[in-house]
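> Could you look at this predicted model? Sequence included:
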Amino acid sequence: MTVRGLRRPCRDHHGNGIARRLQGRPRLIDAAMSGMGAALFCLDWINSVGLTVQDHVQNALLMIFTVLLPFNPTICSIIITLLSLAMAYALPAATIYWLFSTPCLLALIFLAKSVRRPIPTAIIFFIMQLLAATGTITHNEELRSLILGYQPLIIAWAIGTLLGCAIEAQRKRTIAEEKASHRSEQLRVLHVLHDSVANDLVYAVTQCKSLRTELTDRGSIAKTDDVITALESGLAQLRQQIIEPAKRDIETIDKPGTDAGHIQTPDTQACIHSTMRTIEQRLRQCGFAGKPQISGNLSVIREEVIDVIDMTIHELGGNIIKYGEPGAYALAINVSADGTVTIVSSNRYRPRTDAPCWSSTSDTCHTPILLSNRLRSIGGSMSVSREDGEWTACVCIPDAYRDKAWQHTDEDDNR
């Protein structure tokens, strides 16, 4: 049983897609830089006079590797740098011109972009400026000319370093945004599975068991048992293979804000009222007596808070059905004048139930991971307790108003 967006292969495929998209952007930058550099060098070559055969061969070699730069920047940059050094110092008729030619400066930019060492670059740049200033102050023209002569090389390296750091920072930012977007969608799907599908299956199992007690025909009882077994098996697979692994994966998130995706609703207040009516109907059909209450103005609550409120009442209502003993219950939402939303649920739980408050090993109650993460992402909290056969949960979400002006209006109305 699998759901698209929650399996690890889907995440790996998504990650590979991000990598492919990010690799394309630097290549476009490399191609643009290489094209402009080749064009400038070609103009310089054409406008040169009195060139020898050796000069034309050297120009052609540098032009070839300049054009090939986008395909393998590191190797081509190293080749261009070595060729320029050889043409400047080693070959016959060597001239320093080649060390400051456009291909050589462009190669240094590409190398620095790959190396990305801003601190050593800044230190070397500072030392060269200090030496140049020293030569100027001491009237040492040889030192000053030497440093200023090689200044274009360090400037090209500094430009490459800044460009490489900027590209790397943008790459990391894009990856983080893509992962957050994918995580938000993953969490939304998990919300649907946990809050709707799982609770609907639990409700169906409960109704089937209630119907089975009213049947007398053995054939009908056997068919009902088969339906119950299939529903319970599907529910168990949904929890074990999808919901629980996804919960454990979400629990490892270091940044609470990255999983705070929410579904926009056209009428948030109507959404909450509809959910409360649905839960009330299901609880009544399962033998529970009570009426969910809403007090305060939900229309001024932030939409991400409305999403968490909806998730919370689904969670609480579902757990009343799963673990509660039919009878009286309480489920209330209160929006106070200071912008605090409080959600309270209370009911008696069945004896020997597995996990009336999400803990099967002791009387210590723990909040569910999914709901706890969502509450933490908006500054909320949840406490649950179990005492004398009664289970109570309380959710508190402060500063839930969209605008502080609503808070003052409510306070003035109360006065």
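Arrived safely.
> distance of the residue most central in space within the chain from residue 378?
Nearest to the geometric centre of the chain sits residue 180, at 1.4 Å (CA atoms, centre = their mean). Separation of residue 180 from residue 378 (CB to CB, to the nearest Å): 16 Å. In this view, the C-beta of every residue, glycine as well, is placed from N, C-alpha and C.
> With residue 345 instead?
Residue 345 is 19 Å from residue 378, by CB to CB.
> Give me the more crowded residue out of the two.
Neighbour count, other CB atoms under 10 Å: between residue 345 and residue 378, residue 345 has more, with 24 against 20.
> Show me where the stretch 251-400 of the chain has its strands.
Assigned by DSSP state E, counting those that start in this stretch, the stretch 251-400 of the chain shows strands spanning 293-295, 324-335, 341-349, 381-387, 390-397.
> how about the helices of the stretch 201-350 of the chain, start to end?
Taking DSSP state H, counting those that start in this stretch as the test, the helices found in the stretch 201-350 of the chain are 218-237, 244-251, 268-285, 303-323.
> Buried deepest among the ones you listed, which one?
Across these, the average number of neighbours (mean count of other CB atoms under 10 Å) peaks for helix 303-323, which reaches a mean of 22.
> on that earlier part again, in JSON lines, list the helices of the stretch 201-350 of the chain along with distance to residue 121 and mean pLDDT.
Putting the helices of the stretch 201-350 of the chain into JSON lines (distance: least, CB to CB, whole Å; pLDDT from 0 to 100) gives the following:
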{"stretch": "helix 218-237", "distance to residue 121": "57", "mean pLDDT": "80"}
{"stretch": "helix 244-251", "distance to residue 121": "40", "mean pLDDT": "64"}
{"stretch": "helix 268-285", "distance to residue 121": "53", "mean pLDDT": "80"}
{"stretch": "helix 303-323", "distance to residue 121": "44", "mean pLDDT": "82"}
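> right, so of those, which gets closest to residue 158?
With CB to CB as the measure, helix 244-251 is the member of those nearest residue 158 (42.6 Å).
> sorry, back to before: among the helices of the stretch 201-350 of the chain, which is nearest residue 76?
Smallest distance to residue 76 across the helices of the stretch 201-350 of the chain (CB to CB): 42.2 Å, for helix 244-251.
> For residue 43, grab the count of nearby residues.
The tally of other residues near residue 43 (other CB under 10 Å) stands at 11.
> Could you measure from it over to residue 33?
Residue 43 sits at a distance of 16 Å from residue 33 (criterion: CB to CB).
> Just give me how far stretch 155-174 sits from the chain centre.
Chain-centre distance of stretch 155-174: 23 Å, with CA atoms, centre = their mean, to the nearest Å.
> Show me what counts as buried in it.
Within stretch 155-174, the residues scored as buried using 16 or more other CB atoms under 10 Å are 156-165, 167, 171.
> picking up where we left off before, how about the backbone phi and psi for the residue nearest to the centre of the chain?
Dihedral angles of residue 180 (phi, psi; degrees, to the nearest 10) stand at phi -60, psi -40.
> before we move on, what about residue 340?
Dihedral pair for residue 340: phi -90, psi 130, per degrees, to the nearest 10.
> residues in contact with it?
Taking CB atoms under 8 Å, 6 or more residues apart in numbering as the criterion, residue 340 is in contact with 396-400.
> and with 6 Å instead?
residue 398 (CB atoms under 6 Å, 6 or more residues apart in numbering).
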